[in-house]
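K.L.:
sequence? don't have it. structure:
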């Protein structure tokens, strides 16, 4: 290999991928305290040059280290070694293979005691009981105690607080491999505001917008609300179908396709690389844009996700949409876009015409929160907790509901699973009445204090899929198990 | 008179208006400690019945008492006597006529030391240096430390946090005489979001929206952005001209008129009662709505404002728009609508289709802040400070700029004044080039570090008015005086 850095040596011929080797050796250096707490790591660019590997390799290794809490990013100054508990550090030699840390059983109030909390097993909800409230509340109070004009609304651009733009650009680089400058980041009043802004920027009256079918229902309203025409495109187990896309016919230009390639919403499929490239190609040929909605990519439970569409895009066709809803809570209503350089001025013009919507009140605190590493710590903790909970849910479904539902496989990411109905149950419910079978189950669940959603509600004709969306993120193992027992009773009663 | 309440006796024949009599007698009761600290006052409805006067009279008296800090509202439970310093209380008999409290000279950083702060005399800015940051930061941290689902996004309606809806309904009743239930309040992501939502609710493609000319420029973009057609209507010294309104011709229906009756933006005129009634009448005949933008009504420096349009409206035609931008700061991006009961469902449908934009993160804290009286205290303080500063500005303009500008009269409200150009200066500047005279001054000011705005920028053809908008709220007397001297030098150089 070309270079070396404190004895790091990588072998492209070895079984383990190069990024894994790098990750393991860096972790080793940290655990052996060769790299000391608070020490700054070289930038990914520099490290890649030093080691003669691609920058993507270094970023993958850094990402893994961030994900496991060994290193963390800081405002405007790169990656630093995190303070680690003494007992995890080794003096020399053999590195203990750290067992995946068991999720600390969180002590939380039962969901019934949280006013307004949706009953289990509501899909798509983070567990706000585990929110790092004390830490966040300190950051927030700090940013307001001597309020800088940043909180109050001076010195910011229409794109938002510069420090948060910077923190997000770094976050996207480290966690998603997307290479953007802070100037390409636009803070929005939630994901919906980001979609709306993108429609304003690219879609004229009567022009077409491709939507996934099944897909995120409110997107359709947002499109029609702006005078655009929703064009439904079928989805298979690799996400949006390129054949379906090619078959779409619309008299006016098609300006935009809204997709969820990391994890199809709501089915959970991941779009493989060839299709991602095909989609970008389609956009180039059409002169259309692609909006990549990466709504819950933070919660992956293993491995490295496929490169974001936005990171594959060399033709300035992909807009990346992120949100804090699944990390904090939906009420925070903060999201962000990472837009191609070529589109920055177009977005700026839209925002200047009517003014931005995103409050600045939280932005400086959020930037601090991200820069301090507290945000990544919270994500890591939630990953472990949610991974555990998914396991609990799948086991409980297997135990109690397997007679009526096809228990899904373990999902590598996300906050809900989709369970299909058994043929027998389908038949019974079709005979029972005109309401779609999965909706019958969801309705019955609601009256019994169990909150699930019907997949058919996400479908537009001619697509008719049936299944129930079951959330696991927002509830403790005990809450999940007891809801699964209730679900059994409901299914039994419908059988 | 009909009734009496703890010896209150009102004489409709007396010189002083009945509400002033009531205000003085209640103040007397408080100062004499007949009404004790923390004591609850009867509701305005009850008090009006007790005394045989109109409810508006009681509200006017309560308003004055709130404005002067004798009483304050509390969440869901009416008006209470404030704790007052011992020395202001009298044991009996003669009530000391409290001299208007001199504004405490605020100790603040010079504007140059606040990064991003606009130079004097930027119009329309509150002084963020006087923001009650410690108090607010405590309220905010408190609401997040043990975050209720309210902050995180559960248990709220699409209209916002119920406690803030309640606090705002009370605020509107006490300060603006508008009688709405909390269910009629919609929290928005700033005033712009409220305008946009109203356009979505009422205006279809190609339909007309009446705008004031001169008026708030971004409103025009918001209308066209939603496919509506802006119809400019002239303004005279009583605000929007009813003749102009009657003369408007548009092929499609006219659905909305956006007006600033309390204080025309940017000219500062108040719309008199007959015209207000005429405007409501026009709306009724057209089947149109009126959006009453009450953007800075909090800052009135004397007397009682005219009843809000929304309080005169018995035909469900008026939507009231308020904002926290001029109280907190524009970056907070929180505003609110008070909508007629008959329109509540229409707004709800719009919000449900695409989701609300206003962050919940500040709403519970803001509700606490309003309920505790801290909000009203801040408003009262700022009223005194801004009133002083207006006086300083007018005096400084008189002293330094009267050769070139018509120094305006004292304004009863607002955060800026409009100074017209002398005929001679107008002539010189018209000869100097094609740029509008007031814009030439504003441009020259900018390069000299003085921030004023040209009135011509707020006009659409055929209206051509010239003048400069000069702000006073955001700067100390010293800053104002030194900017006025700079302005003099600029005007002198243009002469």
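P.N.:
Nice, I can see it. What you see is a predicted model, and the numbers here were worked out from it, not measured in a lab.
K.L.:
Mean pLDDT per element in chain A, and the minimum belongs to which helix or strand?
P.N.:
In chain A, the helix or strand scored least confidently by mean pLDDT, DSSP states H and E is helix A:149-152, which has a mean of 67.
K.L.:
After that helix, heading C-terminal, what element do we hit next?
P.N.:
As assigned by DSSP states H and E, the chain's next helix or strand after helix A:149-152 is helix A:162-176.
K.L.:
what packs against that next one?
P.N.:
helix A:55-67, strand A:71-74, strand A:185-188, strand A:318-323, strand A:335-338, helix A:363-371 (3 or more C-beta pairs under 8 Å, 6 or more residues apart in numbering or on different chains; DSSP states H and E). Where you see a C-beta, it was placed from the backbone N, CA and C, and this is true even at glycine.
K.L.:
Could you list the low-pLDDT ranges of the stretch 251-400 of chain A?
P.N.:
Applying pLDDT under 70 to the stretch 251-400 of chain A flags the ranges A:303-305.
K.L.:
can the helices and strands packed on helix A:162-176 go into TSV with extra columns for distance to chain B and mean neighbour count?
P.N.:
Output for the helices and strands packed on helix A:162-176, formatted as TSV (distance: least, C-beta to the nearest C-beta, whole Å; neighbours: other C-beta atoms under 10 Å in any protein chain shown):
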stretch	distance to chain B	mean neighbour count
helix A:55-67	25	22
strand A:71-74	21	22
strand A:185-188	9	28
strand A:318-323	12	27
strand A:335-338	11	26
helix A:363-371	9	24
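K.L.:
What distance do you get for the residue lying closest to residue A:435 once chain neighbours are set aside to residue A:365?
P.N.:
The shortest distance from residue A:435 to any non-neighbouring residue, by C-beta to C-beta, 6 or more residues apart in numbering or on different chains, is to residue A:443 (7.2 Å). From residue A:443 across to residue A:365, the span is 41 Å (C-beta to C-beta, to the nearest Å).
K.L.:
Over to residue A:476?
P.N.:
Remark: distance between residue A:476 and residue A:365 (C-beta to C-beta) = 29 Å.
K.L.:
cool, and residue A:415?
P.N.:
To residue A:365, residue A:415 is 25 Å away according to C-beta to C-beta.
K.L.:
quick revisit: which element is the residue nearest to residue A:435 on?
P.N.:
According to DSSP H and E, residue A:443 maps onto helix A:437-447.
K.L.:
who touches the very next helix or strand once past that helix?
P.N.:
For helix A:437-447, the succeeding helix or strand toward the C-terminus, using DSSP H and E, is strand A:453-454. Contact with strand A:453-454 is made by A:123, A:266, A:436, A:438-439, A:441-442, A:466-469, as judged by C-beta atoms under 8 Å, 6 or more residues apart in numbering or on different chains.
K.L.:
anything in the longest helix along chain A near chain B?
P.N.:
Determined from DSSP state H, the single longest helix within chain A is helix A:374-401. No - if you take C-beta under 8 Å from any C-beta of the partner chain as the test, helix A:374-401 misses chain B, and the best it gets is 13.3 Å.
K.L.:
between that helix and helix A:55-67, how many degrees?
P.N.:
Between helix A:374-401 and helix A:55-67, the angle comes out at 80 degrees (axes from the mean of the first three to the mean of the last three C-alpha atoms, to 10 degrees).
K.L.:
Any chance of JSON lines for the helices and strands packed on helix A:162-176, columns distance to residue B:110?
P.N.:
Below are the helices and strands packed on helix A:162-176 laid out as JSON lines (distance: least, C-beta to C-beta, whole Å):
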{"stretch": "helix A:55-67", "distance to residue B:110": "42"}
{"stretch": "strand A:71-74", "distance to residue B:110": "32"}
{"stretch": "strand A:185-188", "distance to residue B:110": "30"}
{"stretch": "strand A:318-323", "distance to residue B:110": "39"}
{"stretch": "strand A:335-338", "distance to residue B:110": "35"}
{"stretch": "helix A:363-371", "distance to residue B:110": "22"}
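K.L.:
Between the two ends of stretch A:367-382, how far is it?
P.N.:
Length of stretch A:367-382, first residue to last, C-alpha to C-alpha, to the nearest Å: 20 Å.
K.L.:
so who does the residue nearest to residue A:145 when sequence neighbours are not counted touch?
P.N.:
In this structure, residue A:145 finds its nearest non-sequential neighbour in residue B:137, 4.5 Å apart by C-beta to C-beta, 6+ apart. The contact partners of residue B:137, taken as C-beta under 8 Å, 6+ apart, are A:140-141, A:144-145, A:147.
K.L.:
and with 6 Å instead?
P.N.:
A:141, A:144-145 (C-beta atoms under 6 Å, 6 or more residues apart in numbering or on different chains).
K.L.:
Under a three-state scheme, what state does it occupy?
P.N.:
Secondary structure, DSSP: H, G, I helix; E, B strand; the rest coil: residue B:137 is helix.
K.L.:
and it, how far is that from residue A:231?
P.N.:
Distance from residue B:137 to residue A:231, by C-beta to C-beta: 48 Å.
K.L.:
just residue A:486 next, same as before
P.N.:
Distance, residue A:486 to residue A:231, using C-beta to C-beta: 40 Å.
K.L.:
Count the residues that sit near the residue of the stretch 301-450 of chain A found nearest chain B.
P.N.:
Residue nearest to chain B within the stretch 301-450 of chain A: residue A:331 (2.4 Å; C-beta to the nearest C-beta). Here the number of neighbours of residue A:331 (other C-beta atoms under 10 Å in any protein chain shown) works out to 26.
K.L.:
where does it land in three-state SS?
P.N.:
Residue A:331 ends up helix, using three-state DSSP.
K.L.:
do the same with residue A:221
P.N.:
helix.
K.L.:
Pull the number of nearby residues for the nearest residue to it once chain neighbours are set aside.
P.N.:
Computed as C-beta to C-beta, 6+ apart, the closest residue to residue A:221 that is not its neighbour in sequence is residue B:353, at 4.1 Å. Applying other C-beta under 10 Å, we find 16 residues neighbouring residue B:353.
K.L.:
try residue A:431
P.N.:
Around residue A:431 there are 8 other residues, counting by other C-beta under 10 Å.
K.L.:
so it sits in a helix?
P.N.:
Yes - assessed with three-state DSSP, residue A:431 lies in a helix.
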